[in-house]
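> 3D, please:
(2 chains)
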Amino acid sequence: MSIAEVKINKIAANEIILQQLASSVISGNQSRVKKEINHALHAGIPACTILNEGMIRGMTVLGRMFRDNEVYVPQVIMAAQAMEAGLKILKPFLSEFHLSYRGKVVIGTIQYDIHDLGKNIVGIFLESSGFKVLDLGVDVPTESFVRAVEKERPDLLAICAMMTTTLPYMQEVVEAVRSSPAGKGVKILVGGLPVTPRFARSIGADAYGVDADSGVKQALKLIKKGHIGKKAQVR
Amino acid sequence: MTRWSEGYIKFCSALSGEPVGVPVAAQLQDHAMCLTGCPADIFFSDPEALTEIVLLVTEYYGFDLPYLIWDVYNIEAEALGQLLKHHPFTMPDIDQTDPLIKSEKDLDKIKLIDPKSSGRMPMVLESYRLYEKYTGLVPTLQVCGPFSLACGIRSYIGMINDIEKRPKFAHEMLKRLCDDVLLPWIRVQHETVPKAKVIVVADAWGSLPNVDLRIFEEFVVPYIKRLDDGAQQYGIRVSGAGYWGESCLQEPLKLLEAKAQISRYSPLGLTGLDPDVDILGPEIFKDAAVKYDLPLVLGIDALLLNNGPVKAIIERVKRYIKAGAPGGRFAILFNNIPAHTPPRHIHTAVEAVRVYGKYPVDTDLKIKVKTPRRESFQKFIERKLADNPEGYTFSWYQAPTVSKKTFSLS
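Now for the predicted structure:
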C-alpha cells in the first residue's frame, strides 16, 4: 500500500469515527460519546476536529431536526448532557479559543420569571455553535445583568422572558445595560413566548429570536455584521 | 336563577347540540389580577379575592360562564413541601432549580397529605364554596396532572432524565403521586362539591414538544387513566386537559386520538389550542371532534389577544367559528388572557363571537364587527360596589395594599 493510500484510509477511518461520534451526540448516548472521544483521541484526531466535526456536527444536525419537529425537547436535553460529558474529556486538549471562537454570550431569564426551559435550549444550541455561554439562570435582577456584562465583557447578551407580566423588566435590562460603559457595544438578543419583533425593536434590542433555531441564526447574523467576529478573525 | 344561569344553559346546550349562539369563556386570572391591581400574594391566597375578582372581570367582559382557576400547577406540589417563588405582580411558580425530589431516596417525601389543611388546598376548597354561593353553579373541579406534578417536584429536566435513565423510578413516582396525593385530594374536592361529576386534570407539561408521543403514551396517558379508575369509586370521572402540540407532529391525528381518549368525560370535550389550531387549521380539530363524538372547544391565541391588531383578532374568531360552529357542539375559549391585554381587544373578541356565532351560522360571515363602546372597568367596579347584588365582600378591594393604578388599562 502506498503512503497516499495509507493516508486516504486513515482519513476515511477518522471520518467514520467522527460520524459515529456525531450520531452518538444526536442520540444522547453519554457512554458512547465518551468512548468515541477517547477512541478519536487515540486515533490521533486533533481535539478541535473532534469538537467541530464530531460533536458540533451532531448538535447542528440535531438543531435542524428540532426545528423540523423530528425530535423534541427530551432528545435535546439528552444530547446536551452527552455533549457536556464529552466536553469534560476533550477540554484539556482544547484552547479557550476553540471553545469560544464565535464569541462570548451572557444569557439569562429576567427578574420575576423563573422559566428556564426555553433559555436552556437556546443556550445549548449557542454553545454547540461555538459560543462560550455564561448562564445567569432565572429570575435575574437587572443589576445582575449589568454586573455580568461589566465583568465578562460578552459579545452578546441574550435575554429571555416567558410571561407578559415580566416583559417590562426586559426593557429595564436593555436600558440599564446600554447606559453602562461596558454595555454600549454589546449586541442584545431577546426572545421568549410573549416577545414580538415589534416589542424587541421598541426596547432597542438588536435582534429577536422566535425560537431556539432563529435565536442562534440571529446570533450568527450579528457576528457576520462584524461586531462580534473580530476576535475570531484576529485569531 | 343568577346572572350566570343563562350562560350555563347556553354552554350546556352548545356542548350537546346547536344552541342560540356560540358560547365563550376565558381563563383570565392574570389579566383579572392586573385589571383590579390586586397583588399576587392576595389574589392567589385569599379565596374571596380570587373568586370575586374572577367573577367580576368575567361579568365585565360579558363572557357566558366564569372559569374559576388559580395557579393550578402549584397547589399539590406546594402542599408536599416544594418551594415556590412568589413575586408581587405575577403568578407564583415552582422553583425548578430546587426540586423536592432530588434523588430516589426522596421518594418517601411523597406522603399522604391532609388536603383540608395542607398548603393552599383549603383556599381551593373555599373558592369552590364561594363560587357556588355567588353563581349558583357547580364549579369545575381541578387538580394538577400526575406528569406535571412530577415535573414540579422533580423538575422537568430531572423527570426527563428519570424517564430516559431510570424509567422504573419515574413510573413509581407517578404511581405514588396518583395514589397518595391526587386521589385523596380528588376525594376531598368531591366531598366539598358532591354535585360535580367530572374533575379536570391540568397537565400541560405533558404537551409536545416538552414530551414526544412515546413519553405521552407511556408516562402521561396511563396515569390519567389510573386517576380515572381510582376516582370512579367516589362517583366522579377524570378528564385530562391542557395538552397542546398537534402542530409538532407529522400525524397530528395521533395526538388528537389520545386526547380524545383521556378527555372524553370533560363536558368541554376535545380542545384545540393556538398556535396549533392556527397552524393546522380548525377543520382538522372539528373533524376529530365529530369522529370521536365529542364537543369541540377552540382556544384563541393569548398573544394575538394581547398584541392585536383588532382586525386580526376578529378574523381569527371568524375563522374558528366558520369551521367549528356548523352542527353545534362548539365553544370558544380565550385561553389564559395575558395580564396587560388591552380591554378593547377583549371586548372586540367577545363581540365577534356574538356577531358571528349566531345560529344558524351564516357561512359567508360578511357582517363587520366593530369594537363596542363599553364603560371603563373603574366605572363598572364603582357601580358594582354601589349595587352589589351578589353580596361580594370586596375585602380585597378595601385592602390598603391594593393598587388601583392598573385601572388605567380600561
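> in stretch B:119-135, what's buried?
Neighbour counts over stretch B:119-135 (16 or more other CB atoms under 10 Å in any protein chain shown) mark B:119-121, B:123-128, B:130-132, B:134-135 as buried. In this view, the C-beta of every residue, glycine as well, is placed from N, C-alpha and C.
> run the chain-centre distance for that stretch.
16 Å (CA atoms, centre = their mean, to the nearest Å).
> host element of whatever residue of the stretch 101-250 of chain B ends up closest to chain A?
Per CB to the nearest CB, the residue of the stretch 101-250 of chain B with the smallest distance to chain A is residue B:209, at 4.0 Å. Residue B:209 is part of no helix or strand, with elements assigned from DSSP states H and E.
> any weak-confidence spans in chain A?
A:97, A:225-235 (pLDDT under 70).
> ok, now the stretch 301-410 of chain B?
B:363, B:398-410.
> the strands in the chain, which residues?
Unless you meant another one, I'm taking chain A. With strands called from DSSP state E, chain A shows them at A:103-109, A:131-135, A:156-160, A:187-191, A:207-209.
> that's the wrong chain, I wanted chain B
For chain B, strands defined by DSSP E occupy the ranges B:24-26, B:65-66, B:84-87, B:90-94, B:141-144, B:198-202, B:237-241, B:270-273, B:296-300, B:330-334.
> for the shortest one, give the mean pLDDT please.
Yep, that's strand B:65-66 we're talking about. Strand B:65-66 shows a mean pLDDT of 96.
> same check, this time on the fifth one
This predicted structure assigns strand B:141-144 an average pLDDT of 98.
> likewise for the first one?
Per-residue pLDDT values across strand B:24-26 average out to 97.
> report the distance from it to the chain centre.
With CA atoms, centre = their mean as the basis, strand B:24-26 stands 10 Å off its chain's centre.
> and it, which strands flank it?
Counting by DSSP bridges, the strands paired with strand B:24-26 are strand B:65-66 (parallel), strand B:330-334 (parallel).
> for chain B, what are the nearby residues on chain A?
Chain A comes close to chain B at residues A:28, A:66, A:69, A:71-75, A:77-78, A:81, A:112-117, A:120, A:137-139, A:163-167, A:193-194, A:196, A:198, as judged by CB under 8 Å from any CB of the partner chain.
> now, those residues that are in helices?
The helices, defined by DSSP state H, take in A:66, A:73, A:74, A:75, A:77, A:78, A:81, A:117, A:120, A:167, A:198 from the residues of chain A next to chain B.
> for the last one, which non-adjacent residue is closest in space?
Just to be clear, that refers to residue A:198. Of all residues not flanking residue A:198 in the chain, residue B:307 sits nearest, at 7.8 Å (CB to CB, 6 or more residues apart in numbering or on different chains).
> how about the residues of the stretch 1-150 of chain B that lie near chain A?
So the stretch 1-150 of chain B meets chain A at B:30, B:34, B:85, B:87-91, B:93-97 (CB under 8 Å from any CB).
> out of these, which end up buried?
B:30, B:34, B:85, B:87, B:89, B:90, B:91, B:93, B:94, B:95, B:96.
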